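Visitor: Here's a sequence, model it:
(chains A and B)
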Amino acid sequence: MIRTPLRPLARILSARDRGENPDAIERENLRLRHEAMRDKSRQRAEGRLLVMGLLFFSAFTVVGARMGLLAATDPVEPRAAASGASILAQRADIVDREGRILATNLVTHSLYAQPQSMVEPERAAVELAAIFPDLDAERLKDDFTGSRKFLWIKKKISPEQMQAVHDIGDPGLLFGPREMRIYPNGALASHVLGGASFGREGVHSAEVIGTAGVEKTFDGWLRDPGNGGQPLQLSIDLGIQATIEEVLAGGMKLMNAKGATAILMDIHSGEVVAMASLPDFDPNTRPQPALKGDPSDSPLFNRAVQGVYELGSTFKVFAIAQAMDLGLVNPETKIATKSPMTWGKHRIRDFHDYGAELSVTDIIVKSSNIGTARVALMIGGERQKAFLGTLGLLEPTAIEMVEAPTGKPILPRNWPEITTMTVSYGHGLSASPLHLAAAYASVLNGGTKVVPTILKSPMPAPGPRVVSEETSSIMRTMLRAVVTRGTASFGEVPGYAVGGKTGSADKAKPTGGYYKDRLIATFASVFPAHDPEYVMIVTLDEPSENSGSVPRRTAGWTAVPVGAEIIRRVAPMLGLRPEVEPPVQHGITLVRN
Amino acid sequence: MRSLFYVLTALAVMGLAFWAYRENYRTQARLTEIDRLQSEIGHLRESMNVLKAEWAYLNRPDRLRELAEINFDRLGLLPLRAAQFGTAAQVGYPEKPLPPVTDPVETFGALPETEETTP
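Guide: Here you go, the predicted model:
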């Protein structure tokens, strides 16, 4: 660029000639130069602003366009990512404590019809009725030729049936994929599992929802894709459950009982290793609930959880344990047992007359109602109720099953002294066998509270203390004595030091009063008594052992042999080594008194 | 010099374009393969599930019990009893066979000190 001089000589000389001030020329030139510089820098700044503006505009356009695109397109799985799609079924499996399958899914098909696109509706109806014998050809014909545009024919069909329907070759018969729930073990643990059915149904899929048992309790969990298809692991052991159901079914038949239930529970963790209730059902074809009659007669009724019964003498353990824990009695304390005992207008009797007095141990061993009632009077109703509450006998069990809240104990409205006495030997308060199992576990495991659970859980921290360790140990010794020389003498299983308590309670009539010849026989047991591992409850509904001249109905003749047989079969499977029992310490020194 | 630079740049652009074209097609091919593999995995998982269900069905305790009863003559299976627990000392292990007598010359050995001197 050619720079214009500020003082061009020619112009200065001519200005001087004209007598003007040459500085004016310089200032004028300086001004022009400054103006040119200013214009140039403004242009540059404007250019920069334009570039920046364009830059921002395009950046925002890109961001906006991308957002619009993302909002407008359908979601797609990232195709190039590593395969993490482990979820296959819409509902997770249920497995037992060893991982064996209790419930799983199968892909199958449903069959539906669109009559307007059918070619030969009459022939199709006849052929369908030939494939599915439960369908009525006439009704199908009416449906196919009527005004309906869509109808379901079958919700689940097998591959063979599907092929047969294909072979009909009618374009109006269509299939929709379905996932169905199957229980490969059939009726095993049916009450625990419950069952499943279809919820909302569409042509392309259908919801599978749980209808009872853990299937319903964990319905949300089982269907939650967030779990990544992880199975639900129960505390049930398949083999042990099968054995218990087998033995219990045999025992129920032998003892002519109309129903039976058994619960095997880990005494420390409260895990239910097996829970059987007979009669049972096949959850693959879950029967409809009975609309009339007694719901407890239905096979759907879970006696272990829902059945609340007066469990009889098995409750004596709680009264004695509490009295001992409070320091009111010791195992050798003599209690008057003169029969009958009169209290106001009530009379309490024993099964036999046990003489003038019995030691506390013998009250349990011989199962004396009078002795227990007297001990309960020493405790008092207030404390008795509080203790039963601590054991969880006054509210529904916390087990993770939908049926649990229906197993609500039936409590006496008031708690006068006579109730204190009757409740102490198990009358007037109804609870489920599961309540009994949890309460026995709490008292006998060393004295810490146990909450029953159906899920396999890592060993929980011991619960709050219910009774002292000494009391717990003495109670186990007493229960052992019940088997060695008391009412449960058929309960002896060599090598496993079974301890237990029988309970035979007359059934309450729905009209009031009690039946004379209908009992609930219960055997509540713990094994091995010296080092407790498991609690088992066996309850038979209306048993009657008819080998003798008169039918024998008490638990000692009915529930105890069945319970002993179950322990004989199951204890080795549980991995318990038969042991020689440590000798009974006479004059136990552990007692504080 | 300048024309060489232009030629080289043009070549580089063509090369990059070719490379991008090829990569694009390879990516597409891989994605198709992944789709195929994933659907195959899905099918395999599905059949694995069916097989598992069948395994559980065939191993259901009722059936095993029946099979044990049917084949009692051959297998003689009975329920586990407490008496079947034993101690390790009760197990009749077979006696260990003595090592066979081989060439006695083999018993000669070089002592560690002499070993260094022998070749």
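
Visitor: who touches the closest residue to chain A within chain B in this structure?
Guide: Among all residues of chain B, residue B:61 sits closest to chain A, at 3.4 Å; criterion: CB to the nearest CB. (C-beta placed from N, C-alpha, C; glycine too.) Remark: with contacts taken as CB atoms under 8 Å, 6 or more residues apart in numbering or on different chains, residue B:61 is in contact with A:185, A:188, A:238-239, A:242-243.

Visitor: Mind giving me the packing neighbours of the strand or helix carrying residue A:239?
Guide: Using DSSP states H and E, residue A:239 sits within helix A:238-254. With contacts defined as 3 or more CB pairs under 8 Å, 6 or more residues apart in numbering or on different chains; DSSP states H and E, the secondary structure elements packing on helix A:238-254 are strand A:259-266, strand A:272-278, strand A:534-541, helix A:559-573, helix B:61-70.

Visitor: Now render these as CSV, adding mean pLDDT.
Guide: Below are those laid out as CSV (pLDDT from 0 to 100):
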stretch, mean pLDDT
strand A:259-266, 94
strand A:272-278, 93
strand A:534-541, 94
helix A:559-573, 93
helix B:61-70, 93
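
Visitor: Quick one: name the residues of chain A near chain B.
Guide: Within chain A, the positions near chain B by CB under 8 Å from any CB of the partner chain are A:79-80, A:83, A:85-86, A:88-89, A:100-101, A:104-107, A:182, A:184-186, A:188, A:238-239, A:242-243, A:246, A:493-496, A:568-569, A:571-573, A:577-578.

Visitor: Using CSV, write out every CA atom in the helix holding residue A:239.
Guide: The C-alpha coordinates for helix A:238-254 follow below in CSV (Å, rounded to 0.1, in the frame of the first residue of the first chain):
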residue,chain,number,x,y,z
LEU,A,238,-37.4,-79.6,46.7
GLY,A,239,-36.3,-83.1,47.9
ILE,A,240,-37.3,-82.5,51.4
GLN,A,241,-40.6,-81.0,50.4
ALA,A,242,-41.3,-84.1,48.3
THR,A,243,-40.4,-86.5,51.1
ILE,A,244,-42.6,-84.6,53.6
GLU,A,245,-45.5,-84.5,51.2
GLU,A,246,-45.1,-88.2,50.5
VAL,A,247,-44.9,-89.2,54.2
LEU,A,248,-47.6,-86.8,55.2
ALA,A,249,-50.0,-88.1,52.6
GLY,A,250,-49.4,-91.7,53.7
GLY,A,251,-49.9,-90.6,57.4
MET,A,252,-53.0,-88.8,56.6
LYS,A,253,-54.4,-91.9,54.9
LEU,A,254,-53.4,-94.2,57.7
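
Visitor: quick one: contacts of it?
Guide: Identification of contacts with helix A:238-254 by CB under 8 Å, 6+ apart yields A:96, A:98, A:100, A:102, A:185, A:187-189, A:257, A:259-262, A:264, A:273-276, A:278, A:280, A:538, A:540, A:543, A:545, A:561-562, A:565-566, A:569-570, A:573-574, B:61-62, B:65, B:79.

Visitor: what kind of secondary structure is residue A:397 in?
Guide: Here residue A:397 is recorded as coil under DSSP: H, G, I helix; E, B strand; the rest coil.

Visitor: Correction: the previous question concerned residue A:501.
Guide: Secondary structure, three-state DSSP: residue A:501 is strand.

Visitor: what's across from it in the sheet?
Guide: With DSSP bridges applied, residue A:501 shows beta-bridge pairing to residue A:524.

Visitor: pLDDT weak spots in the stretch 401-550 of chain A?
Guide: When residues are selected by pLDDT under 70, none of them lie in the stretch 401-550 of chain A.

Visitor: Which stretches in it count as helices?
Guide: Read by DSSP state H, counting those that start in this stretch, the stretch 401-550 of chain A holds these helices, from start to end of the chain: A:417-424, A:433-444, A:469-485.

Visitor: name the helices or strands packed onto the shortest one?
Guide: Applying 3+ CB pairs under 8 Å, 6+ apart, one finds that helix A:417-424 makes contact with helix A:316-325, strand A:341-343, strand A:346-348, helix A:369-379, helix A:381-390.

Visitor: got the CA positions of the longest one in CSV?
Guide: Written as CSV, here are the backbone C-alpha positions of helix A:369-379 (Å, rounded to 0.1, in the frame of the first residue of the first chain):
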residue,chain,number,x,y,z
ASN,A,369,-54.1,-78.8,82.0
ILE,A,370,-54.6,-78.1,85.6
GLY,A,371,-50.9,-77.7,86.4
THR,A,372,-50.4,-75.3,83.4
ALA,A,373,-53.5,-73.3,84.4
ARG,A,374,-52.1,-72.8,87.9
VAL,A,375,-48.7,-71.7,86.5
ALA,A,376,-50.5,-69.3,84.1
LEU,A,377,-52.4,-67.8,87.1
MET,A,378,-49.0,-67.2,88.7
ILE,A,379,-48.0,-65.3,85.6
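
Visitor: Specify the angle between it and helix A:316-325 in degrees.
Guide: Note on geometry: by axes from the mean of the first three to the mean of the last three CA atoms, to 10 degrees, helix A:369-379 and helix A:316-325 are set 40 degrees apart in direction.

Visitor: Can you point out the buried residues in helix A:369-379?
Guide: By neighbour count, with 16 or more other CB atoms under 10 Å in any protein chain shown as the criterion, the buried positions of helix A:369-379 are A:369-377, A:379.

Visitor: returning to what we had before: out of the contacts of residue B:61, which comes closest to chain B?
Guide: Of all those, the one with the least separation from chain B (CB to the nearest CB) is residue A:242, at 3.4 Å.

Visitor: and that closest one, how many neighbours does it have?
Guide: The number of residues packed near residue A:242 is 21, by other CB atoms under 10 Å in any protein chain shown.

Visitor: and what of the one 5 residues further on?
Guide: Residue A:247 is surrounded by 23 other residues when neighbours are defined as other CB under 10 Å.

Visitor: ok, now how distant is it from residue B:79?
Guide: Here the criterion is CB to CB, to the nearest Å. By it, residue A:247 lies 10 Å from residue B:79.

Visitor: Find the closest residue to chain B in the stretch 1-150 of chain A.
Guide: residue A:101 (4.0 Å).

Visitor: export the helices and strands packed on helix A:238-254 to JSON lines and tack on distance to residue A:340?
Guide: As requested, the helices and strands packed on helix A:238-254 are exported to JSON lines (distance: least, CB to CB, whole Å):
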{"stretch": "strand A:259-266", "distance to residue A:340": "32"}
{"stretch": "strand A:272-278", "distance to residue A:340": "37"}
{"stretch": "strand A:534-541", "distance to residue A:340": "28"}
{"stretch": "helix A:559-573", "distance to residue A:340": "26"}
{"stretch": "helix B:61-70", "distance to residue A:340": "50"}
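
Visitor: Figure out which of these is closest to residue A:305.
Guide: strand A:272-278 (7.7 Å; CB to CB).

Visitor: List the neighbouring strands of the closest one plus their orientation.
Guide: For strand A:272-278, the pairing partners within the sheet under DSSP bridges are strand A:259-266 (antiparallel).

Visitor: Export the strand it pairs with to PDB, keeping only CA atoms.
Guide: Listed next in PDB are the C-alpha coordinates belonging to strand A:259-266 (Å, rounded to 0.1, in the frame of the first residue of the first chain):
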ATOM      1  CA  GLY A 259     -56.500 -82.900  56.100                       C
ATOM      2  CA  ALA A 260     -52.900 -82.500  57.200                       C
ATOM      3  CA  THR A 261     -50.100 -80.000  57.300                       C
ATOM      4  CA  ALA A 262     -46.400 -80.000  58.100                       C
ATOM      5  CA  ILE A 263     -43.900 -77.300  58.400                       C
ATOM      6  CA  LEU A 264     -40.200 -77.700  58.700                       C
ATOM      7  CA  MET A 265     -38.400 -74.600  59.700                       C
ATOM      8  CA  ASP A 266     -34.800 -73.700  60.300                       C
END
